[in-house]
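Asker: predicted model, plus sequence, below.
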Amino acid sequence: MCFSLDNLVAVFGRDSDVLQTLLPALDTVLDGRCHIYRQWEADFSERTPKKLSLKHLTKYYQLDTESAPRIVFLLQTYYALVCKLLAAHKLGSPQSIETIVDDSHFVQYGIENFKDKQAHIYDWYADTVDVSVACECAEKFDYQQTPPLDALKQLYHDLFPKQIRHQLGEYYTPDWLAHHTLTHINITAQTRLLDPMCGSGTFVVLAYRQLCDSGASNALEQVAGIDVNPLACLSAKTNLLLNLSADTLAEAPITLPIYHADTLLNPPDIGTFDAIVGNPPWINWETLSAAYRQQTKHLWEKYDLFPHKGFASLLGKGKKDLSILMTYAVVDQYLAPSGQVAFVLTQSLLKTGGAAEGFRTFNFPNHDLDAVHVDDFSKLRVFSGAATRPIVLVLGMPTDNSPNYFVWDADKATVAQDAPSTITQTLTHGQFIAEPVGEWGSAWLTGKPAAIDAVRKILGQSDYTAHAGVYTGGANAVYWLTVHERKNNLVRVSNIIKGAKRAVPQVDTWLEADLIYPLLRGRDVNRWQADPTVHILMLQNPETRQGYDADWLRKNYPRTYAYIQRFEDALRQRATLKRYFDEDVPFWTMFNIGTYTFAPYKVIWHGFGRSRMHAVVVGEKDGKAIMSNQAMHPFVGIQDEDEAHYIAACLNSAPFEFAVLSHTQPGGKSFAQPGILKSLRIPQYDATLSYHRDLARLSREAHNGNVDDDAIAEMSAQVWGLTASELAQLRQSLATIID
């Protein structure tokens, strides 16, 4: 049988007779090996903080269990069996399944390390389940032909629903993207290459093939892969073994250069490499287990990757991605002098305002490296079923030039996982300029040269300060209210508990109206329009920047005091309260609230999740200042309505909007955060300038439904001294982004 991806799925996939026979059999005997499962589950839970969705598994597998981890363990056991059978038959027909399980079959053919100690956890069934049906099917394949680059990837995708793989953070690199990434590495017959988070071994196998093609005499000794997951290591070894030629196998004994280890905490001593390539895991620091965060904390500090402290970290600037640490650690540990790095990463590492500032300094302790090339695939859907924004970042010896920055596009956004390696020849790309928007380490500004020349006129510190909205510290379910009716100075309210991060009881009660303010939720803000749909209880003294005094609150607002007392335990448990305030502050203290929060006018915009600037002016409602929602709605508090409209017109103008889009991540969580006014300049409103007054007028008209974007663009050009040609360049570039 042809050794193809489709045939492997047909023979061993989720609809195959082999799986339908073996999976229930494995499930039946697992209870007799429960100690092994508990050992696996403990490690699995440590690496998988999010609860797995059972429905996505039971949709495909009809097993009598309500445990998602149990089904995953059974599937991993089955997948490991298939890997071992394919690897064994590549060498020769095994005498029995026992010779595969005890490694004697591999040792017989000179493969000294096919299975490491941790991989034996998947052999628990060997003396209880008849797997002959799988053995017979494995014999049918033609192992003499060249296998696919990653022969197991499609089978793994078929066995594990994409929702489960995404929950586990498993995004396997398409073969075409691996090919493209390696085009940036100068591979010669002497090159040593490492993938420090190798997964199923795509990069290792491809590099091995290219080394063989280049005439390397010791190609197998010149590549290496590391992974913390024993199943990934087994996959990588299987893929590599399937690619070994008969001549190489004849040179036994052979050590497969795949190492089971945590690259960060216990990196194996395997020397240095001329090139480091791969696709590090894209995992946010906050989703890692508490134990792993603590274990790796010293490394984040060693490489100075926590530039933000205190409230800056609290309000969204501390969302570190594990790939940041991986990059610095492996360069420090494994990169040879004058070596190169080519990693598949997320675009957010170049575009987010604060989270990756330490990364973008490229201040490696023992290497002089800089970004020399970027392939931006953020317009394309590269990973199956996932709306990610991948880039290929190449680090090399610094030059006097800005890095080459290529933005790739296609008529159809989705690039098939099995696309040929030549697929990039059918894509279009444009070469952009890339440079920091501000000081070294700040987010990258990217665009066509003429547009970037124009944007430079907009760069600089604004005369206005933006703030994040009201932050409850994860206690929205206490402070956010639905108002049902009003009677004199009282209102009947109920707290909004739907979607609460912290479970609290729902309370329906009458409260004093004075401390209840209108609140904008995410969907309440649009371009030129906003309408608050809920309310918020404001118990913060804007002068002292902490909660109102308890005696004062009890005396003047007894109903409100009694209401907040119901939630004392939950509010005291807020990590932000413990971390940033003294123990004696009122437990209802909130965050990021000052006198600016109660300004009569606010210019508010969407801070994340949008791909356009959505700014709006809001005044008071029912005599109360309208509150905005934490980092979702940054704002500028203003006393004068004309000045507020001038700012809104600048924010929504084509020049400013392109400046935002060119250095942030449209649609991302860090789009248009408050920090944009630190890097993009809006001058102070001057009522003596006619074009300032005209911008305010155009904003008022837009709020009334008469939007004239052309007039706003042309008038705002005078704010930044843009010529007609420069404005045209910015508008043309903006159109290519938002279309």
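Answerer: Received the coordinates, thanks. If you're wondering where the values come from, they're calculated on a predicted model, not measured in any experiment.
Asker: any regions of this protein where pLDDT drops low?
Answerer: 47-51, 169, 307-319, 353-355, 384-387, 417, 631, 739 (pLDDT under 70).
Asker: if you set the cut-off to 50 instead, what comes out?
Answerer: Judged by pLDDT under 50, the chain has its weakly predicted residues at 310-317.
Asker: pull the longest helix from it.
Answerer: Scanning the chain for the longest helix, with DSSP state H as the assignment, gives helix 68-91.
Asker: CA atoms only for the next helix or strand after that one, dumped as PDB, please.
Answerer: Sequence-wise, the next helix or strand downstream of helix 68-91 (DSSP states H and E) is helix 97-101. What follows is the C-alpha trace of helix 97-101 in PDB, where atoms were taken according to Å, rounded to 0.1, in the frame of the first residue of the first chain:
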ATOM      1  CA  ILE A  97       4.100  -6.800  19.800                       C
ATOM      2  CA  GLU A  98       6.200  -7.700  22.900                       C
ATOM      3  CA  THR A  99       9.500  -7.100  21.000                       C
ATOM      4  CA  ILE A 100       8.200  -3.600  20.100                       C
ATOM      5  CA  VAL A 101       7.100  -2.800  23.600                       C
END
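Asker: on that earlier part again, which strands and helices lie in contact with the longest helix of the chain?
Answerer: Under the contact definition 3 or more CB pairs under 8 Å, 6 or more residues apart in numbering; DSSP states H and E, helix 68-91 sits against helix 17-30, helix 34-47, helix 54-58, helix 97-101, helix 104-108, helix 132-138, helix 153-159, helix 230-243. For every residue, glycine as well, the C-beta is placed using N, CA and C.
Asker: mind giving me the packing neighbours of the second one?
Answerer: Helix 34-47 sits against helix 68-91, helix 290-302, with contacts defined as 3+ CB pairs under 8 Å, 6+ apart.
Asker: do the same with the last one
Answerer: Packed against helix 230-243 by the contact rule (3+ CB pairs under 8 Å, 6+ apart) you find helix 68-91, helix 202-213, strand 223-227, strand 258-260.
Asker: same check, this time on the first one
Answerer: Here helix 17-30 is seen to pack against helix 5-12, helix 68-91, helix 132-138 when contacts are counted using 3+ CB pairs under 8 Å, 6+ apart.
Asker: just name the most buried of these.
Answerer: Among the helices and strands packed on helix 17-30, judged by mean count of other CB atoms under 10 Å, the one packed with the most neighbours on average is helix 68-91 (a mean of 22).
Asker: that one to helix 230-243, inter-axis angle?
Answerer: Using axes from the mean of the first three to the mean of the last three CA atoms, to 10 degrees, the direction of helix 68-91 lies 20 degrees away from that of helix 230-243.
Asker: what angle do helix 68-91 and helix 34-47 make?
Answerer: With the same axes, to 10 degrees as the basis, helix 68-91 and helix 34-47 are set at 100 degrees to each other.
Asker: between the helices and strands packed on helix 17-30, which one is closest to Ala443.
Answerer: Nearest to Ala443 among the helices and strands packed on helix 17-30 is helix 68-91 (37.7 Å), distances taken as CB to CB.
Asker: for Asp686, which of the helices and strands packed on helix 230-243 is the nearest?
Answerer: With distances scored as CB to CB, the stretch of the helices and strands packed on helix 230-243 nearest to Asp686 is helix 202-213 (57.1 Å).
Asker: winner for burial among the helices and strands packed on helix 68-91?
Answerer: helix 230-243 (a mean of 25).
Asker: what angle sits between that one and helix 202-213?
Answerer: Following the same axes, to 10 degrees, one obtains 20 degrees for the angle between helix 230-243 and helix 202-213.
Asker: may I see the buried residues of the helix or strand that helix 230-243 is followed by?
Answerer: Downstream of helix 230-243, the first helix or strand assigned by DSSP H and E is helix 246-249. By 16 or more other CB atoms under 10 Å, the buried positions in helix 246-249 come out as Leu249.
Asker: show residues contacting helix 246-249.
Answerer: 91, 109-110, 220, 254 (CB atoms under 8 Å, 6 or more residues apart in numbering).
Asker: filter those to the buried ones?
Answerer: Under a neighbour-count criterion of 16+ other CB under 10 Å, the subset of the contacts of helix 246-249 counted as buried comprises 91, 109, 220, 254.
Asker: surely the first one and His105 touch.
Answerer: In other words, Leu91. Yes. Leu91 is in contact with His105 according to CB atoms under 8 Å; the separation is 7.0 Å.
Asker: which residue, other than its chain neighbours, is closest to Arg486?
Answerer: Nearest in space to Arg486, with sequence neighbours left out and distances taken as CB to CB, 6 or more residues apart in numbering, is Ala513 at 6.9 Å.
Asker: sorry, wrong one. I was asking about Trp285.
Answerer: Using CB to CB, 6+ apart and skipping the chain neighbours, the partner closest in space to Trp285 is Lys320 (4.0 Å).
Asker: what about that neighbour, distance to Leu155?
Answerer: According to CB to CB, to the nearest Å, Lys320 stands 34 Å off from Leu155.
Asker: check Ser200 too.
Answerer: The spacing between Ser200 and Leu155, counted by CB to CB, is 10 Å.
Asker: can you list the helices and strands packed on helix 34-47 in TSV and add distance to Ile226?
Answerer: Formatted as TSV, the entries for the helices and strands packed on helix 34-47 read as follows, by distance: least, CB to CB, whole Å:
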stretch	distance to Ile226
helix 68-91	18
helix 290-302	16
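Asker: quick one: closest of the ones you listed to Ile458.
Answerer: Nearest of the helices and strands packed on helix 34-47 to Ile458, taken as CB to CB: helix 290-302 at 33.5 Å.
Asker: using PDB, write down the CA coordinates of that closest one.
Answerer: Listed next in PDB are the C-alpha coordinates belonging to helix 290-302 (Å, rounded to 0.1, in the frame of the first residue of the first chain):
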ATOM      1  CA  ALA A 290       1.000  28.700  38.900                       C
ATOM      2  CA  ALA A 291       3.800  26.100  39.500                       C
ATOM      3  CA  TYR A 292       5.300  26.600  36.000                       C
ATOM      4  CA  ARG A 293       5.100  30.400  36.300                       C
ATOM      5  CA  GLN A 294       7.000  30.200  39.500                       C
ATOM      6  CA  GLN A 295       9.600  27.700  38.100                       C
ATOM      7  CA  THR A 296      10.400  29.900  35.100                       C
ATOM      8  CA  LYS A 297      10.200  33.300  36.900                       C
ATOM      9  CA  HIS A 298      13.900  33.500  37.300                       C
ATOM     10  CA  LEU A 299      14.400  33.100  33.500                       C
ATOM     11  CA  TRP A 300      12.000  36.000  32.700                       C
ATOM     12  CA  GLU A 301      14.000  38.100  35.100                       C
ATOM     13  CA  LYS A 302      17.300  36.900  33.800                       C
END
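Asker: neighbours of the closest residue in space to Val415 that isn't next to it in sequence, how many?
Answerer: Beyond its immediate neighbours in the sequence, the residue positioned closest to Val415 (CB to CB, 6+ apart) is Leu380, lying 5.4 Å away. By other CB atoms under 10 Å, 19 other residues sit near Leu380.
Asker: residue contacts, Leu380?
Answerer: Shown in contact with Leu380 (CB under 8 Å, 6+ apart): 408-410, 413-415, 427.
Asker: max-length strand in this protein?
Answerer: Across the chain, the strand with the greatest residue count (assigned by DSSP state E) is strand 335-346.
Asker: from the middle of its chain, how far away would the helix or strand immediately after that one in the chain be?
Answerer: Moving toward the C-terminus from strand 335-346, the first helix or strand encountered (DSSP H and E) is helix 348-351. A distance of 10 Å separates the centroid of the chain from that of helix 348-351, by CA atoms, centre = their mean, to the nearest Å.
Asker: and what of stretch 361-374?
Answerer: Stretch 361-374 has its C-alpha centroid displaced from the chain centroid by 22 Å (CA atoms, centre = their mean).
Asker: tell me which residues of that stretch come out buried.
Answerer: 361-362, 364, 367, 369, 371-374.
Asker: before we move on, what about stretch 684-704?
Answerer: Across stretch 684-704, burial judged by 16+ other CB under 10 Å covers 685, 692-703.
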